[in-house]
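S.K.: Give me a model of this one.
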Amino acid sequence: MGFFARLFNKPEAESILLLDIGAGSVAGAYAHFTPDAQATIAYARRLSIEPKEHEDDVSAMTRTLKELCDTLVRDGAPALARLTGSGRAEALLVSISAPWQSTMLRYEKFEDKKPFTFTRRMLDAAIRKAAVTPKGKLLVDESIVGTTLNGYETHEPFGKQVMRAQVIMLVSFIDEAVARAIAGVLRSLFHTERIPTIAGSSLRYQAVRSVFPHERNAFLLDASGPEIAISLIRKGLLVAVKELPDGEAGSPEWIGEVVNAFGEFATRYPLPRIIFILADDDHLEPVQRALEGADLGKMWLTDDPPKLVPIRMKQLPPMKQGAEVEPDIVMQLMTLYWKEHGHDE
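M.R.: I've put the predicted structure just below:
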């Protein structure tokens, strides 16, 4: 949405239900947004996924998600009603992380010898033509995470005359069985038809980029759950993503996987001087200590190691918290994402 569209079509107040489905836990929150873009988290809850005996991982996740959603209906909706006068959410944003989904980067390029107008219809046609969904998977997200026109990054690409355009998308797939299980829970309890889905790594990358827009070359090490996602940002664009299996954050095996991932990036790209670290309060310091002890300077071919920047909630834009809300940086980032990009969903 362009500047004038936002100016003359000011958004009304709205309430959004946010759901985060991760490897080790599920979380939900009711967030309310006023026309001046102020955000309030009225209610939030996170539950650990703990498989019972003879229960597979998908069944454990589905059961825990059902328990969470029951709690959101029973306790969350009344908390929202006390804040706004209504317990109804206009939309449900679902963030799904590994191992339930897998992501990949896709590039769409457009070029002509004569200037042409780059349009959304042109991009959509190219996406449909190139779309290939692996067998047994469903496409759940195609997030545009970067656009360049004639070699220059832009956030408002459509309707402009160009010779070259490139769009970078983070594409996410989910197993059909997992998708059916999640959809079954949501259909049984929530009746909104507006249910956008997004890969957790894509959402958190986009939210963090909005907080640190001037850091145009950096790694984002996302250890907000047992699975690790490392994103490489170059010249303000996401150029590579690597997802690693779960492990104990900060352990020797864990840091070995991370260092090996940095080594793979180094074979293709110059390594940035900043590493953002995203983790919950219990793991943020152990992850930082493990990275500090890994002697990363050797990989960066310098005695000066890269700068580690732990992301803390106080660095995020301020938002109000209800009395029944415990601090949760992932839910804060989801709220921030909707505040910045909800008009696109």
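S.K.: Buried residues, stretch 55-70. List them.
M.R.: 58, 61, 62, 63, 64, 65, 66, 68, 69 (16 or more other C-beta atoms under 10 Å). Just so you know, the C-beta spots here come from the backbone N, C-alpha and C atoms, and that holds for glycine as well.
S.K.: of those residues, closest to residue 273?
M.R.: residue 61 (37.9 Å; C-beta to C-beta).
S.K.: what sits against that closest one?
M.R.: 21, 26, 49, 100, 178, 181 (C-beta atoms under 8 Å, 6 or more residues apart in numbering).
S.K.: sorry, back to before: format the buried residues of stretch 55-70 as a markdown table; extra columns: distance to residue 82, secondary structure and pLDDT.
M.R.: What follows is those, written out as a markdown table (distance: C-beta to C-beta, whole Å; DSSP: H, G, I helix; E, B strand; the rest coil; pLDDT from 0 to 100):
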| residue | distance to residue 82 | secondary structure | pLDDT |
| --- | --- | --- | --- |
| 58 | 35 | helix | 92 |
| 61 | 30 | helix | 95 |
| 62 | 30 | helix | 95 |
| 63 | 29 | helix | 96 |
| 64 | 26 | helix | 97 |
| 65 | 25 | helix | 96 |
| 66 | 25 | helix | 96 |
| 68 | 20 | helix | 97 |
| 69 | 20 | helix | 96 |
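S.K.: follow-up on the earlier one: among the contacts of residue 61, which ones are in helices?
M.R.: 178, 181 (DSSP state H).
S.K.: What is the nearest of the contacts of residue 61 to residue 292?
M.R.: Among the contacts of residue 61, and counting by C-beta to C-beta, the member closest to residue 292 is residue 49, at 30.5 Å.
S.K.: Without its sequence neighbours, what residue ends up closest to that closest one?
M.R.: residue 64 (4.8 Å; C-beta to C-beta, 6 or more residues apart in numbering).
S.K.: Which element, helix or strand, includes residue 229?
M.R.: strand 228-234 (DSSP states H and E).
S.K.: quick one: that strand to chain centroid distance?
M.R.: Strand 228-234 sits 12 Å away from the centroid of its parent chain (C-alpha atoms, centre = their mean, to the nearest Å).
S.K.: Just the CA coordinates for it, please, in CSV.
M.R.: Provided in CSV are the C-alpha atoms of strand 228-234 (Å, rounded to 0.1, in the frame of the first residue of the first chain):
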residue,chain,number,x,y,z
ILE,A,228,17.7,-22.6,14.6
ALA,A,229,17.3,-20.3,11.6
ILE,A,230,20.2,-18.2,10.4
SER,A,231,19.4,-15.4,7.9
LEU,A,232,22.0,-13.5,6.0
ILE,A,233,21.2,-9.9,5.2
ARG,A,234,23.3,-8.1,2.5
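S.K.: Residues contacting the next helix or strand after that strand, please?
M.R.: Going down the chain from strand 228-234, the next helix or strand is strand 237-244, by DSSP H and E. With contacts defined as C-beta under 8 Å, 6+ apart, strand 237-244 is touched by 98, 102-105, 145-146, 148, 153, 168, 170, 201, 205, 227-233, 257-258, 261, 264-265, 268-269.
S.K.: from those residues, which ones fall inside helices?
M.R.: Short answer: those in helices (DSSP H) are 201, 205, 257, 258, 261, 264, 265.
S.K.: what about the last one, neighbour count?
M.R.: By other C-beta atoms under 10 Å, the residues close to residue 265 number 18.
S.K.: Same check on the fifth one?
M.R.: As a burial measure, the neighbour count of residue 261 was computed by other C-beta under 10 Å and equals 20.
S.K.: ditto for the first one
M.R.: By other C-beta under 10 Å, 30 other residues sit near residue 201.
S.K.: Relative to residue 295, how far out is it?
M.R.: 27 Å (C-beta to C-beta, to the nearest Å).
S.K.: how close does the spatially closest residue to residue 165 that is not a sequence neighbour get to residue 152?
M.R.: Counting by C-beta to C-beta, 6+ apart, residue 110 is the residue found nearest to residue 165 once chain neighbours are left out, at 4.3 Å. Noted for residue 110: a distance of 15 Å to residue 152, by C-beta to C-beta.
S.K.: same check, this time on residue 136
M.R.: 40 Å.
S.K.: Where do the strands of the stretch 151-300 of the chain begin and end?
M.R.: Assigned by DSSP state E, counting those that start in this stretch, the stretch 151-300 of the chain shows strands spanning 152-153, 160-175, 197-199, 218-222, 228-234, 237-244, 274-278.
S.K.: so what's the closest residue to residue 50 other than its chain neighbours up against?
M.R.: Spatially, and ignoring its direct neighbours in sequence, residue 50 is nearest to residue 60 (6.9 Å; C-beta to C-beta, 6+ apart). Residue 60 makes contacts with 49, 50, 51, 52, as judged by C-beta under 8 Å, 6+ apart.
S.K.: Check which helices and strands the longest strand seen in the chain sits against.
M.R.: Assignment by DSSP state E gives strand 101-118 as the longest strand of the chain. Counting contacts by 3 or more C-beta pairs under 8 Å, 6 or more residues apart in numbering; DSSP states H and E, strand 101-118 is packed against helix 120-130, strand 137-149, strand 160-175, helix 200-211, strand 237-244.
S.K.: Please identify which of residue 110 and residue 152 sits among more neighbours.
M.R.: residue 110 (16 against 10).
S.K.: I'd like the distance between the spatially most central residue of the chain and residue 251.
M.R.: With distances taken as C-alpha atoms, centre = their mean, residue 203 lies nearest the centre of the chain, 1.7 Å away. Distance, residue 203 to residue 251, by C-beta to C-beta: 26 Å.
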